[in-house]
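Engineer: I'd like to go over a predicted model; first the sequence, then the structure.
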Amino acid sequence: MTIVFLSEDHMKKNTLLSIMLSSCMIISLAACASGNSTGPQNSGSEASSDIPQASAAETTVNAGTDTSSPEEYQPVTITNMDNELVFEKAPEKIVVLSYDTAEILAALGLEDKVIGLAEADSSIDDVLPKYRDSVSKMPVIGGLSNGVPSLEAVLAMGPDFVYGASYSFMEQNAGKAQDYLDSGINVYGSTGTYSDIPTLEDTYLDIENLGKIFGVEDKASELINDLKNRVDAINSTEKSDKPLTVFVYDSEEDAPYTAGGSSLENKIIELAGGENIYKDLDSDFKSVAWEDVISKNPDVILINKYGGENDVQQKINFLKSMPELAEVTAVKEDHFVSASMLAVFPSIQNVEVIEELSEKFNEWK
């Protein structure tokens, strides 16, 4: 769920996370070789007829609270992706490059400022129900072959702010960040998509920064506090001395692609009360051997979902069809659970999946 010319594993990672690249090898979970759907980048899916269409971290601030009116707005300076961004006024015309970033804008009440939304490899159905109506009002950028618009297409829309994952801002995707800055357009990349080891704090920082940029700091603080309180509620519950062990099955049949210790998904599993069997793997995502998975005998298999439930069921069917996995606890006990790409990469859906996993782990103890 096409990115830079890096090592094979790094290339897979960036493609998947990139939310909007070409199909098969997605940044973090990628792969298409085996016939499994692979990642947030093969989209180009047509928008449904009821969705409007569009034509083609460090923070230093002198801002008040919810100062959305031009007369009250104080200049804001934010450092993001090593660029110093200066805002003399709140942006009015936003192009957003994925549903996860669109969801955050909707949570802050900024949906009316969005002039274009790139669907990447997701759909409106992947958005949390409470934000779906707001996000569905955002004009979808149509005619995209790989889910992401070109630099020229974005510039033609006349935005004053472009927001997406850091991988979106590459020459082969929506163009480099500097191209926009040279055109007088500020760009913001999700902090967790360029952190070495992403955490929930990265998303909290993004929400805080967006609150300052758009003068909606009260809403941002309220959202951050809600997310933190929900995680605290999970952490306050009694934890088992022996947590359930979890294998993340992202993609690939010959050599499964899984989440390692430096992935956000590893942290999500930990916060939910589980233990990633590859927590000691010094990588965010990496291919491993089935023999090693079998030897670790996971209690639960967490399936990364690309697209829809068909992808999940196909993966479960494949796992159950492997005779060598028949005695693995997760397979014997039918302990399969899934999470969408929006939920396991930096987004406000991270807390939702932590809650869901925690409930399942408690049920299966």
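Structural biologist: Arrived safely.
Engineer: now the helices: where do they sit in the stretch 201-350 of the chain?
Structural biologist: Taking DSSP state H, counting those that start in this stretch, the helices of the stretch 201-350 of the chain run over residues 217-235, 264-271, 290-296, 309-321, 329-332, 341-344, 349-364.
Engineer: and if you look at the stretch 1-150 of the chain?
Structural biologist: Under DSSP H, counting those that start in this stretch, the stretch 1-150 of the chain gives helices at 8-17, 99-107, 129-136.
Engineer: hey, where'd the strands end up in the stretch 1-150 of the chain?
Structural biologist: 53-54, 58-61, 76-80, 83-87, 94-96, 114-117, 140-141 (DSSP state E, counting those that start in this stretch).
Engineer: Columns mean neighbour count and mean pLDDT on top of those strands, output as TSV?
Structural biologist: Any C-beta I mention is one placed from the backbone N, CA and C, and that applies to glycine too. Output for the strands of the stretch 1-150 of the chain, formatted as TSV (neighbours: other Cβ atoms under 10 Å; pLDDT from 0 to 100):
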stretch	mean neighbour count	mean pLDDT
strand 53-54	16	48
strand 58-61	13	36
strand 76-80	19	97
strand 83-87	15	97
strand 94-96	28	98
strand 114-117	25	98
strand 140-141	24	94
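Engineer: Can you tell me which of these is nearest to residue 188?
Structural biologist: Among the strands of the stretch 1-150 of the chain, strand 76-80 comes nearest to residue 188, with 5.4 Å by Cβ to Cβ.
Engineer: Just the CA atoms of the closest one, as CSV, please.
Structural biologist: Taking Å, rounded to 0.1, in the frame of the first residue of the first chain, the C-alpha atoms of strand 76-80 are listed here in CSV:
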residue,chain,number,x,y,z
VAL,A,76,2.8,30.5,13.0
THR,A,77,6.2,28.9,12.2
ILE,A,78,6.4,25.1,12.0
THR,A,79,9.3,22.8,11.1
ASN,A,80,8.2,19.8,9.1
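Engineer: what's the weakest-modelled helix or strand in the protein?
Structural biologist: Across the helices and strands of the chain, mean pLDDT, DSSP states H and E gives its lowest value to strand 58-61, namely a mean of 36.
Engineer: is it possible to export the helices of the stretch 201-350 of the chain to JSON lines including distance to residue 90, mean neighbour count and mean pLDDT?
Structural biologist: As requested, those are exported to JSON lines (distance: least, Cβ to Cβ, whole Å; neighbours: other Cβ atoms under 10 Å; pLDDT from 0 to 100):
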{"stretch": "helix 217-235", "distance to residue 90": "11", "mean neighbour count": "16", "mean pLDDT": "97"}
{"stretch": "helix 264-271", "distance to residue 90": "29", "mean neighbour count": "24", "mean pLDDT": "98"}
{"stretch": "helix 290-296", "distance to residue 90": "49", "mean neighbour count": "14", "mean pLDDT": "98"}
{"stretch": "helix 309-321", "distance to residue 90": "39", "mean neighbour count": "15", "mean pLDDT": "95"}
{"stretch": "helix 329-332", "distance to residue 90": "48", "mean neighbour count": "18", "mean pLDDT": "98"}
{"stretch": "helix 341-344", "distance to residue 90": "26", "mean neighbour count": "27", "mean pLDDT": "93"}
{"stretch": "helix 349-364", "distance to residue 90": "26", "mean neighbour count": "19", "mean pLDDT": "96"}
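Engineer: out of the ones you listed, nearest to residue 87?
Structural biologist: Of the helices of the stretch 201-350 of the chain, nearest to residue 87 by Cβ to Cβ is helix 217-235, at 13.2 Å.
Engineer: Now do the closest one: which elements does it pack against?
Structural biologist: helix 200-214, helix 264-271, helix 349-364 (3 or more Cβ pairs under 8 Å, 6 or more residues apart in numbering; DSSP states H and E).
Engineer: let's go with 6 Å and repeat that
Structural biologist: The helices and strands touching helix 217-235, judged by 3 or more Cβ pairs under 6 Å, 6 or more residues apart in numbering; DSSP states H and E, are helix 200-214, helix 349-364.
Engineer: Centre of the chain to the last one, how far?
Structural biologist: Shown here is helix 349-364, whose average C-alpha point lies 17 Å from the average C-alpha point of the whole chain (Cα atoms, centre = their mean, to the nearest Å).
Engineer: Stretch 297-309 now?
Structural biologist: On Cα atoms, centre = their mean, the centre of stretch 297-309 falls 16 Å from the chain's centre.
Engineer: same thing with stretch 288-308?
Structural biologist: 20 Å.
Engineer: Over to stretch 86-100?
Structural biologist: Taking mean C-alpha positions (Cα atoms, centre = their mean), stretch 86-100 and its chain are 18 Å apart.
Engineer: Look at it and report the distance between its end residues.
Structural biologist: 24 Å (Cα to Cα, to the nearest Å).
Engineer: got a list of contacts for that stretch?
Structural biologist: Residues outside stretch 86-100 that contact it (Cβ atoms under 6 Å, 6 or more residues apart in numbering): 19, 70, 73, 75-77, 102, 113-118, 120, 122, 126-127, 154, 157, 159-164, 168, 174, 213-215, 342, 347.
Engineer: Can you tell me which of the residues you listed are buried?
Structural biologist: Buried by 16 or more other Cβ atoms under 10 Å: 19, 73, 76, 102, 113-118, 120, 122, 126-127, 154, 157, 159-164, 168, 174, 213-215, 342, 347, out of these.
Engineer: can you list the domains in this protein?
Structural biologist: 53-233, 238-364 (automatic domain parsing).
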